[in-house]
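Sequence first, then the predicted structure:
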Amino acid sequence: MLIYEYFKDDNNSILKEIQFEMYSYSISTIFTEIKRIYLDNKYTILYLSTDEIEKYRNIDSFDHRIIQNTHDMIAAVFRFLVKDDVFEKDLFEKDNEQIKSLFNNIYTDTNFLDNIQNDYWHFAYKWHGYLIDYINKNIPLVHELVLSTLIYNNTPQKKLAFEAAERARILIKNQHNDILWITKELTEK
């Protein structure tokens with residue numbers, strides 16, 4: 001994860017540190033979710049052969065750098081929403097034991113929690129949930145991420161993987177172009 005300011009007053013260093021500590025877990029979550037959505041879709045069999053489906057189902061690793069900018073853009077959107085108090089009313093819906101239990105059920109290694117102050121675990125929980133919801137609600141984004149992580153990632157066509165990931169990043173920006181900080185960035189390019 002690249003840590004820098006995406007919008008004015010993007011200076012919540014605690015939240016950035018949480019996202020940094022969770023980076024590899026978040027990338028894994030993105031990969032797992034898009035793979036589940038893509039391969040469990042009833043229409044997948046209409047445009048992929050059984051062999052292709054099996055091939056993609058067996059992919060368990062990819063070059064994370066390809067979707068790093070996409071991840072970082074979603075992370076910035078989350079930080080903006082936290083800054084705007086979008087999660088304030090339900091931020092403390094789980095206590096730390098519940099949060100630790102949740103992460104233990106998802107990941108075999110939860111060492112990232114050791115690097116996050118206990119008082120801020122609720123942000124880690126919210127970030128994780130937001131990431132999953134964001135992926136599940138953005139099917140056009142999933143399509144680009146499938147191209148970048150499953151189809152082109154470890155092939156001679158890796159350039160196409162980076163192009164798909166860039167389209168995913170731009171898609172996120174365009175979905176949030178009504179937010180002042182992203183609109184400014186979009187118009188500057």
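Looks like it came in fine.

Tell me, please, where in this structure the pLDDT is lower than the cut-off.
89-92, 180-189 (pLDDT under 70).

For it, just list every one of the helices.
Counting by DSSP state H, the chain has helices at residues 13-21, 23-39, 44-47, 50-57, 68-83, 96-106, 121-136, 139-146, 158-175, 180-188.

Save the ones you listed as a markdown table, and put in mean neighbour count too.
(Each C-beta comes from the backbone N, C-alpha and C, glycine too.) Formatted as a markdown table, these follow (neighbours: other CB atoms under 10 Å):
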| stretch | mean neighbour count |
| --- | --- |
| helix 13-21 | 18 |
| helix 23-39 | 19 |
| helix 44-47 | 10 |
| helix 50-57 | 12 |
| helix 68-83 | 21 |
| helix 96-106 | 14 |
| helix 121-136 | 19 |
| helix 139-146 | 20 |
| helix 158-175 | 18 |
| helix 180-188 | 13 |
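
can you list those in a markdown table and add distance to Tyr152?
Converted to a markdown table, those look like this (distance: least, CB to CB, whole Å):
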| stretch | distance to Tyr152 |
| --- | --- |
| helix 13-21 | 26 |
| helix 23-39 | 13 |
| helix 44-47 | 16 |
| helix 50-57 | 12 |
| helix 68-83 | 14 |
| helix 96-106 | 27 |
| helix 121-136 | 19 |
| helix 139-146 | 10 |
| helix 158-175 | 4 |
| helix 180-188 | 26 |
